[in-house]
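K.L.:
How does the following fold in three dimensions:
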Amino acid sequence: MAGQAPDDVSAHGLGVWVAKCYKIEPEVCGLVSIGGVPVRNTVTLLALAFAASAPALADPISLDTWYEFSFTAPGVPAVGCDPADPAGGFCISSSGTPTLPVGAPPWTLTGSAVLTVTDAFESGDRFELFDFGSSLGLTSLPVVGGDCGDDPLPCLADPLISKRFFLLGAGSHEITITPVDSPGGGGSGYLSASAVIPEPGSGLLFGASLTILALLYTRRARTTRS
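P.N.:
Below is the predicted model of the structure:
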């Protein structure tokens, strides 16, 4: 029925529906205008406003999967990519390594993991990560002037691109990302989580493995460019 929100829509999705009906296409929803404001009736308007103000549902992420997120200005929390996140930006998916558009934040996972985050396309963007609102730290300092393209692996190997490996402990995690630098005013990046199986004395081995992995990616990127 025209103007009726889906029965199973989330609060996040309902907020998008309300914005469309009341701000962009009121005629689609069969609304009338009172004082220049399109409304159906007071009860419906209040109910929709309350539902739209509810926090977005967390979106779980799977291990060993690259997800693409979008962001705008520094200080504005990153979001997912449309259509996985209707409030997210339009994202150009990877032309190489398989990736998925991530849904609405926060992005959740459970258990120990290594969370990898990298910028994509033009260099210069930098991010701060949070777990349940507590800062995990910043990604590496970028160098403006590079362009790693749309594939997360070459971007991870590019020394001009901001990236970082974050070690997450046991338990539940709710990850959010906020850009702290964004010379172009927005863009997209990638995140991926991999499981960690802690063993006695494995700390040095794990760190060395990450270093070797980064070096291999760097060598591969240089070979491809040459």
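K.L.:
where does Thr116 fall, phi/psi-wise?
P.N.:
Thr116 adopts backbone torsions of phi -100, psi 130, taken as degrees, to the nearest 10.
K.L.:
Pretty sure it sits against Leu156.
P.N.:
Yes: counting by Cβ atoms under 8 Å, Thr116 touches Leu156, with 7.0 Å between them. In this view, the C-beta of every residue, glycine as well, is placed from N, C-alpha and C.
K.L.:
Next, show the common contact partners of these two.
P.N.:
Residues touching both Thr116 and Leu156 by Cβ atoms under 8 Å, 6 or more residues apart in numbering: Lys163.
K.L.:
Name every sheet partner of the helix or strand containing Arg164 and say whether each one runs parallel or antiparallel.
P.N.:
In the assignment (DSSP states H and E), Arg164 maps to strand 163-168. Paired with strand 163-168 in the same sheet, following DSSP bridges, are strand 113-119 (antiparallel).
K.L.:
what mean pLDDT does the partner strand have?
P.N.:
Strand 113-119 carries an average pLDDT of 98.
K.L.:
any idea which helix or strand comes after it?
P.N.:
strand 126-131.
K.L.:
So what angle separates the directions of that following strand and strand 163-168?
P.N.:
10 degrees (axes from the mean of the first three to the mean of the last three Cα atoms, to 10 degrees).
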